[in-house]
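In: below is the sequence, then the predicted model.
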Amino acid sequence: MNEVFDGAIGIDLGTTFSCVAVLLNDQVQVIPNDQGNRTTPSCVAFHADDVLVGDAAKNLVARGAPGIVYDAKRMIGCRFSEKSIQEDSRRWPFTVKAGEQDRVLIEVDFKGEKLSLSPEQISSKVLEYLKHCAEKYIGKRVTKAVITVPAYFNDAQRDRTKAAAAIAGLEVLRIVNEPTAAALCYGLGIGSGTGEQQGKEKAIDVVVFDFGGGTFDVSVITIDAGSFAVRATAGDTHLGGQDVDSNLLKYVADNLMAQHNINIHENTRQLAKLRAACEKTKRALSHSTSEELVMDGLLPGGDEYTINISRAKLEELNAKLFDQCIAVVQKALKDAAITPEEIAEVILVGGSSRIPKLQEKLTALFKGKKLCGAVNPDEAVAIGAAVQGSILSSSPEQQSAKTADVVLMDVVPLSIGVEVDNGKFDVIIPRNTTIPYKAVKEYSTVEDYQQDVDIVVYEGERPLTKHNHKLGEFSLEGITRAKKGVPTINVTFSVDADGLLTITATEAAAGKSKSLTVQNSERLSDEEMSQMIEMAKKFQKEDSLQVVKEDTRHTLEGLFQEINTSLATMKQPPSAKLQKRVKFLPHGEDWVREKLDHYESVREINEKADKIKHLCDKALKRAQTGVERVPIEETQDGGRV
Ligand code: ADP
Ligand code: MG
């Protein structure tokens with residue numbers, strides 16, 4: 001197979017299952033794997049002399065074989081010391097350890113050797129396998145792909161996912177958010193930026209309900225003229241179909257104990273087999289109302305063990321879990337400040353969203369609205385990725401009038417900006433701005449004859465930089481010597497399609513320019529990011545009070561300094577009368593230095609500050625009357641006053 005397919009495939013690289021699709025001749029096709037299955041377990045087995053991937057690897061789990069690695073998506077781009085890794089590692093049957101720079105390494109025994117593999121190496125095996133399935137299906141070599149990741153994935157996680165693809169020999173045209181891909185699958189956003197329709201289409205808000213094997217993600221997305229902005233995400237990284245299985249398994253295990261006095265937990269292999277049987281029964285109960293669970297080799301004497309499970313029983317066992325899911329949807333809506341009535345579409349994603357009881361509860365929450373579930377929910381994300389792949393690849397095979405005009409954009413997860421006077425955070429690119437994006441802001445000097453400016457870059461949602469996350473800093477040196485406020489310094493923030501941030505400061509008059517590129521590894525992790533957003537909400541009132549305090553402090557200190565300068569530049573020492581007039585100054589300065597912090601209301605601060613300002617103005621007028629100023633250039637400290 002030498003001919004290269006010049007289009008791109010779409011891959012949903014899932015935590016428990018992955019799926020690959022392609023758009024050919026205007027038709028989306030989900031590509032089956034070697035076993036004929038349309039989804040593939042994200043599972044890799046290092047077994048005997050073979051590395052097995054997908055169903056072959058998962059089948060070994062049920063046989064209790066060692067050397068099986070899964071959940072690579074939970075490790076990719078994470079640090080070993082992170083809380084989630086520490087907690088997850090307790091339930092993984094494989095060993096993980098810290099590598100260089102706190103990276104996660106997975107240990108496996110293979111061909112008599114101990115291998116230490118990175119999560120991206122594991123994921124690359126899954127990607128390689130899917131690529132191979134696609135090549136067999138299309139009949140050409142595949143080199144390009146669009147891969148999806150959860151909306152909350154940070155730069156490092158996205159970056160490592162790309163690295164996994166590179167190992168598998170795939171060029172990633174774009175990393176797309178899973179909920180965005182799901183919306184694309186339903187044609188949402190496609191065509192809304194075209195021809196006559198342009199400008200007429202209203203923006204719509206949709207909810208993507210993604211309930212998979214081990215994770216649960218709810219996203220609220222605004223789709224506007226072909227662009228997708230994630231408004232809010234909520235969910236649980238450890239809630240999914242596996243928990244539904246566990247609840248059923250516990251019930252069956254209790255029954256085995258009560259009816260046959262068998263403790264299934266004593267036999268790891270049988271337990272794995274029973275868990276697989278429970279999953280199968282659960283899946284069947286999404287279509288039928290009652291199922292027989294059958295297991296052989298369990299009872300003494302070779303009798304089959306059977307138990308009838310009704311859909312009602314499964315629902316009863318999982319009632320709490322289902323309620324929890326609905327509460328998460330409500331939280332996402334609340335975070336996005338949106339009501340269920342305002343949602344145009346509810347999109348079902350993830351195999352577990354097939355559960356009828358959940359669909360019933362969602363229909364009730366969204367007041368009878370029909371749910372988008374026509375496409376197989378475990379294929380929707382891969383299909384959306386394939387649609388995006390066809391848009392991005394210039395392949396005539398994949399070009400279609402329908403998709404030609406869609407521009408897909410991701411967003412900046414946290415606001416980015418610089419520190420300005422007194423530790424305030426000046427946002428240059430607000431959170432949720434679609435990328436790629438470029439913004440320029442003009443700044444100037446704060447002191448006369450200042451020749452260096454420090455550009456300190458932060459990300460975060462709090463108004464004071466001390467509460468935000470510093471991304472880096474640099475100094476622009478040798479700018480034009482002039483009075484404060486005169487030089488023009490342009491600061492450009494640009495974020496490329498992959499989220500990489502570059503900051504450039506330029507002072508054109510002196511021809512000076514300097515840049516800083518923020519490495520993805522320096523950005524906050526998703527955990528820290530959601531914490532930041534929480535904190536910003538929690539401390540909103542305190543923060544705005546702090547800002548008023550800092551502003552007041554800044555203004556008054558400026559005034560005090562001005563008075564002192566005026567006094568110092570008088571030819572004669574200040575008269576006794578004037579000295580008396582500025583006697584309040586020490587009190588004012590004391591207030592700014594010590595007492596201001598204890599004020600708890602903006603009104604009180606403003607009242608007190610106004611009084612001091614009034615006195616300052618009077619003193620200043622007085623001090624400046626008849627003052628003969630010494631030209632600043634001639635002062636002894638080289639011009640700085
Ligand atoms: P991922 O979390 O990796 O994205 P999927 O979206 O493929 O995974 O979801 C896998 C989960 O969906 C598994 O827990 C599986 O048992 C569950 N599932 C698949 N089909 C059904 C069904 N018909 N009814 C209920 N659950 C299902
Ligand atoms: Mg999924």
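Out: Cool, the structure landed. Ligands and ions are numbered 1, 2, ... in the order given.

In: show me how this protein divides into domains.
Out: Split into domains by the TED database, the chain comes to 4-239+320-409, 241-319, 414-517, 527-625.

In: give me whichever of the ones you listed is most buried.
Out: Of all the domains of the chain, domain 4-239+320-409 has the most neighbours on average by mean count of other Cβ atoms under 10 Å, namely a mean of 20. Using the backbone N, CA and C atoms, a C-beta is placed for each residue, glycine as well.

In: average pLDDT across that domain?
Out: Domain 4-239+320-409 carries an average pLDDT of 88.

In: give me the distance from it to the chain's centre.
Out: Averaging C-alpha positions (Cα atoms, centre = their mean, to the nearest Å) puts domain 4-239+320-409 14 Å from its chain's average.

In: same check, this time on stretch 484-502
Out: Distance, stretch centre to chain centre, for stretch 484-502: 23 Å (Cα atoms, centre = their mean).

In: endpoint to endpoint, it covers what distance?
Out: End-to-end distance for stretch 484-502, by Cα to Cα, to the nearest Å: 27 Å.

In: same check, this time on stretch 258-273
Out: End-to-end span of stretch 258-273 (Cα to Cα): 20 Å.

In: what's near enough to touch residue 423?
Out: Residues in contact with residue 423 (Cβ atoms under 8 Å, 6 or more residues apart in numbering) are 464, 465, 466, 550.

In: pretty sure the last one is in a helix, no?
Out: Translated: residue 550. Yes. Under DSSP: H, G, I helix; E, B strand; the rest coil, residue 550 falls within a helix.

In: surely it and residue 464 touch.
Out: Yes. Between residue 550 and residue 464 there is a contact under Cβ atoms under 8 Å: 7.0 Å.

In: check whether the strand or helix carrying residue 251 contacts ligand 1.
Out: Per DSSP states H and E: residue 251 is located in helix 241-260. Yes. Using Cβ under 6 Å from any ligand atom, helix 241-260 comes into contact with ligand 1 via 241, 242.

In: which element is encountered next along the chain beyond that helix?
Out: Next along the chain after helix 241-260, taking DSSP H and E as the criterion, comes helix 268-284.

In: check the gap between residue 294 and residue 274 for me.
Out: When Cβ to Cβ, to the nearest Å is the yardstick, residue 294 and residue 274 sit 11 Å from each other.

In: over to residue 249?
Out: Residue 249 is 6 Å from residue 274, by Cβ to Cβ.

In: over to residue 504?
Out: Counting by Cβ to Cβ, the gap from residue 504 to residue 274 is 61 Å.

In: just to revisit the earlier point, adding distance to ligand 2, write the domains of the chain out as JSON lines.
Out: Output for the domains of the chain, formatted as JSON lines (distance: least, Cβ to the ion, whole Å):
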{"stretch": "domain 4-239+320-409", "distance to ligand 2": "4"}
{"stretch": "domain 241-319", "distance to ligand 2": "10"}
{"stretch": "domain 414-517", "distance to ligand 2": "21"}
{"stretch": "domain 527-625", "distance to ligand 2": "20"}
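
In: any idea how far the closest residue to residue 62 other than its chain neighbours is from residue 304?
Out: What sits nearest to residue 62 in space, not counting adjacent residues and going by Cβ to Cβ, 6 or more residues apart in numbering, is residue 276, at 4.8 Å. Using Cβ to Cβ, residue 276 is found at 16 Å from residue 304.

In: got it, and residue 99?
Out: For residue 99, the distance to residue 304 equals 48 Å [Cβ to Cβ].

In: repeat for residue 83
Out: 44 Å.

In: for residue 287, same thing?
Out: 23 Å.

In: which neighbours in the sheet does the helix or strand where residue 456 lies have, and how are they oriented?
Out: In this assignment (DSSP H and E), residue 456 forms part of strand 453-459. The strands that strand 453-459 pairs with in its sheet are strand 416-420 (antiparallel), strand 469-476 (antiparallel) (by DSSP bridges).

In: neighbouring strands - and their directions - for whichever helix or strand comes after the last one?
Out: It refers to strand 469-476. Downstream of strand 469-476, the next assigned helix or strand under DSSP H and E is strand 489-495. Looking at strand 489-495 with DSSP bridges, its partner strands are strand 437-443 (antiparallel), strand 501-507 (antiparallel).

In: what does the first one contact?
Out: Residues lying outside strand 437-443 but in contact with it, judged by Cβ under 8 Å, 6+ apart, are 412, 418, 420, 426, 428-429, 453, 488-495.

In: same check, this time on the last one
Out: Strand 501-507 is contacted from outside by 416, 418, 453, 455, 457, 471-472, 474, 476, 479-480, 487-496, 512-518, using Cβ under 8 Å, 6+ apart.

In: if we go to 6 Å?
Out: Contact partners of strand 501-507, identified using Cβ atoms under 6 Å, 6 or more residues apart in numbering, comprise 455, 457, 476, 479, 487, 489-495, 513-518.

In: ok, residue 621 - contacts?
Out: The contact partners of residue 621, taken as Cβ under 6 Å, 6+ apart, number zero.

In: CA atoms of the helix or strand containing it as CSV?
Out: Assigned by DSSP H and E, residue 621 belongs to helix 602-624. Written as CSV, here are the backbone C-alpha positions of helix 602-624 (Å, rounded to 0.1, in the frame of the first residue of the first chain):
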residue,chain,number,x,y,z
VAL,A,602,-16.0,51.0,49.6
ARG,A,603,-18.1,54.0,50.8
GLU,A,604,-16.0,54.5,54.0
ILE,A,605,-12.8,54.3,52.0
ASN,A,606,-14.0,56.8,49.4
GLU,A,607,-15.2,59.2,52.1
LYS,A,608,-11.9,59.1,54.0
ALA,A,609,-9.9,59.3,50.8
ASP,A,610,-11.9,62.3,49.5
LYS,A,611,-11.1,64.2,52.7
ILE,A,612,-7.4,63.5,52.4
LYS,A,613,-7.4,64.3,48.7
HIS,A,614,-9.1,67.6,49.5
LEU,A,615,-6.4,68.5,52.0
CYS,A,616,-3.7,67.4,49.6
ASP,A,617,-5.1,69.6,46.9
LYS,A,618,-5.1,72.6,49.2
ALA,A,619,-1.6,72.0,50.4
LEU,A,620,-0.4,71.4,46.9
LYS,A,621,-1.8,74.7,45.6
ARG,A,622,-0.1,76.4,48.4
ALA,A,623,3.2,74.7,48.0
GLN,A,624,3.2,75.4,44.3
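
In: so how far is that helix off the chain centroid?
Out: Its chain's C-alpha centre and that of helix 602-624 lie 47 Å apart, by Cα atoms, centre = their mean.

In: what about that helix, average pLDDT?
Out: Helix 602-624 shows a mean pLDDT of 81.

In: out of everything not next to it in sequence, what's closest to residue 70?
Out: Nearest residue to residue 70, sequence neighbours excluded (Cβ to Cβ, 6+ apart): residue 43, at 4.6 Å.

In: for ligand 1, see how far away that neighbour is.
Out: Distance, residue 43 to ligand 1, using Cβ to the nearest ligand atom, to the nearest Å: 10 Å.

In: who's in contact with residue 57?
Out: Neighbours of residue 57 in contact, by Cβ under 6 Å, 6+ apart: 43, 44, 45, 68.

In: the closest residue in space to it that isn't next to it in sequence and residue 87, how far apart?
Out: Of all residues not flanking residue 57 in the chain, residue 45 sits nearest, at 3.7 Å (Cβ to Cβ, 6+ apart). Separation of residue 45 from residue 87 (Cβ to Cβ): 24 Å.

In: go on, residue 479?
Out: 50 Å.

In: how about residue 222: which residues does it bridge to?
Out: When assigned by DSSP bridges, residue 222 has beta-bridge partners residue 205, residue 229.

In: ok, it - contacts?
Out: With contact set as Cβ under 6 Å, 6+ apart, residue 222 has these partners: 203, 205, 229, 231.

In: now the strands paired with strand 489-495 in JSON lines, with distance to residue 25?
Out: Supplementary listing: the strands paired with strand 489-495 in JSON lines, determined by distance: least, Cβ to Cβ, whole Å:
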{"stretch": "strand 437-443", "distance to residue 25": "35"}
{"stretch": "strand 501-507", "distance to residue 25": "40"}
